[in-house]
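1. sequence and predicted structure below; questions after.
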Amino acid sequence: MTAAQRVERVYREHRARMLAALVRALGDFELAEDALQDACAMALRRWPDTVPDDPVAWLLTVARNRAIDRLRRARLAREKEPAVETTMSDFETDSLLAEVGDERLSLIFTCCHPALAMEARVALTLQAVVGLTAGQIARAFVVAEATLAQRLVRAKRKIRGARISLDLPADHLLPARLAGVLAVVYLIFTQGYTGDDDRAGLRQEAIRLGKLVATLMPDEPEALGLVALMLLHDSRSATRHSGSGDVVLLENQDRTRWDRTEIDEGVRLLARALRHGTPGPYQLQATIAVLHAQATGTADTDWPAIAGLYAELLAAAPSPVVALNHAVAVAMADGPAVGLALVDGIEGIERYHLLHAARADLLRRLDRREEAAAAYRRAHELATTPADRRFLAGRLLALDAT
Amino acid sequence: MRYMLLIYNCEQPAPGEPGFEEALARVNAFAAECRRRNVFVAGDPLQEESTATTVRVRDGRTLITDGPFAETHDHLGGYYILDCATLDEVLELAEICPFAADGAIEVRPLAGGVPGLDHSAAEVFAAE
């Protein structure tokens, strides 16, 4: 192995941990990143001669020293004063090395702080914790790289300027903050589900990130529940679109192609989460996904159980989209007329194409064809992706053909 | 770190109006909590915006206009300055500040340590 390969490997394997330790010790994201880069550059020069016993400790020591140099130079430039020996004591330099424990959890909470804009939380988490470049994140979220880079810089400066905590949140804030962290992880996952294969990598990163949070917070069943949910959704990814990129509904998916390894892992993790006895929204959604995974098709799906779980979810986290899913499950369990009555009672998502698509489907099953056609047309108008539009146009044609 | 809490769009009852005593008690309880946590630096309501005057000097000419700087629907009604360790700490106080339930509170860190800035002007807050 060459020195360059060795540096690359240590960096790849320990980057988040080293960055977390430096951010925590230096109190400044940008400085920590620059210092870590400096240290890697020095490792490339030094490691061909002498390989350190503990490369991570070596990199952190160098990074810390370089950070102090950078601060000293900045202070000199500002104040034109020679004596700055005192800056050394500004940092708890000993604790930096003594505690190269795991600061990644604090880093995640800092990146997902509610005082940052949602898109900044997502971008910062992907950069600092996951290790994606600004370019990769920009491509995944379809924004200009310069915009994304600016967003990252602004977030890092706000963390320093407004003194956003670099520690774990206080106990009484933890439940709400953890929910915020999980929301960021899930958003990264769902972004990996929209559109093309370029973004598929995001789903794996989200699952890895979720597992990291769940490992670092073993007493939080919702973290495990989210990982289970993501695995179960991901297990169906190969069958969600046809070869031509068209949407394939759950009822028409080839379940033999669902990834059984992911399903088994999801089921196992969910069981572990549920043993805590505090089922939250992610655990409920994962349980629903398990019921789908255990059925061979819509005919032997336990719809009454799914409808019941959606009702629980609706009570725990009310939202019109959950209400729509609940209505569809009730329609499967108790017939389209009951489902339609529920759908027609939903408010707040009049411009959501799936609301109209669901109505159309129920009207079709009730043989109210003209109303069904009108609802499909409305859904088609509101759909935003070409695949959704093609799908809805297809349903409309199928309706005419019967 | 010192943070300024800017209180926006908050209609409070005036003395003598219904609800004034209750509102006053809530505001006093908040100030007492800030003092108990030893973070209270300053705080005052501002008079209504009709009393505002805006001054600009351009090319050596002074332009004085009646009214607030920003012609928006948002009214700055008062402020607090709190000295807290982290943003979390001050956000928690902003959350229990009675004005948060009515209008909105913008939390801004004061820029400390500006090189060469003479901070003695800050004594104004203490003198009053």
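-> That came through, no problem.

2. tell me which helix or strand of chain B sits lowest on mean pLDDT?
-> helix B:123-127 (a mean of 49; mean pLDDT, DSSP states H and E).

3. for chain A, what lies in contact range of chain B?
-> A:78-79, A:113, A:115, A:161-165, A:169-170, A:173 (CB under 8 Å from any CB of the partner chain). For every residue, glycine as well, the C-beta is placed using N, CA and C.

4. got CSV for the residues you listed, with secondary structure too?
-> Formatted as CSV, the residues of chain A next to chain B follow (DSSP: H, G, I helix; E, B strand; the rest coil):
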residue, secondary structure
A:R78, helix
A:E79, helix
A:H113, coil
A:A115, coil
A:G161, helix
A:A162, coil
A:R163, coil
A:I164, coil
A:S165, coil
A:P169, coil
A:A170, coil
A:L173, helix
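
5. which parts of stretch A:238-250 are buried?
-> In terms of neighbour count (16 or more other CB atoms under 10 Å in any protein chain shown), stretch A:238-250 has its buried residues at A:239, A:247.

6. and the end-to-end length of it?
-> 12 Å (CA to CA, to the nearest Å).

7. quick one: mean pLDDT for that stretch?
-> For stretch A:238-250, mean pLDDT rounds to 82.

8. next one: that stretch to chain centre, how far?
-> 23 Å (CA atoms, centre = their mean, to the nearest Å).

9. what comes into contact with that stretch?
-> The contact list for stretch A:238-250, computed with CB atoms under 8 Å, 6 or more residues apart in numbering or on different chains, reads A:193, A:236, A:253-255, A:257-259, A:292, A:298, A:386-388, A:390-391, A:394.

10. and what of stretch A:201-212?
-> A:104, A:108, A:125-126, A:129-130, A:132, A:140, A:182, A:185-186, A:188-189, A:191-193, A:223, A:226-227, A:230-231, A:234, A:237.

11. now swap in stretch A:106-117 and tell me
-> Under CB under 8 Å, 6+ apart, the answer for stretch A:106-117 is A:16, A:19-20, A:23-24, A:121, A:124-125, A:128-129, A:151, A:155, A:158-159, A:162, A:164-169, A:177, A:180-181, A:183-184, A:209, A:212-213, B:87, B:91.

12. show the average pLDDT along that stretch.
-> For stretch A:106-117, the per-residue pLDDT averages 94.

13. now the end-to-end length of that stretch.
-> 18 Å.

14. about what we covered before: got a ChimeraX select line for the buried ones in the contacts of stretch A:238-250?
-> Applying 16+ other CB under 10 Å to these, the buried members can be selected in ChimeraX as follows:
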select /A:193,236,253,258,259,292,387,388,390,391
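
15. what's the closest of the contacts of stretch A:238-250 to chain B?
-> Nearest to chain B among these is A:Y193, at 32.6 Å by CB to the nearest CB.

16. next one: that closest one relative to A:H241, how far apart?
-> 10 Å (CB to CB, to the nearest Å).

17. and what of A:R268?
-> A:R268 is 28 Å from A:H241, by CB to CB.

18. low pLDDT regions in the chain?
-> I'll assume chain A. A:80-101, A:195-198, A:402 (pLDDT under 70).

19. chain B is the one I meant
-> Ranges of chain B meeting pLDDT under 70: B:119-128.

20. in a helix, B:P18, correct?
-> No: counting by three-state DSSP, B:P18 is not found in a helix; it is coil.

21. give me the residue at the spatial middle of the chain.
-> Defaulting to chain A. The centroid of chain A falls nearest to A:V185 when counting by CA atoms, centre = their mean (2.2 Å).

22. wrong one, I was asking about chain B
-> Closest-to-mean residue, chain B, CA atoms, centre = their mean: B:Y79 / 0.8 Å.

23. surely that one is within a helix?
-> No: read with three-state DSSP, B:Y79 is strand and lies in no helix.
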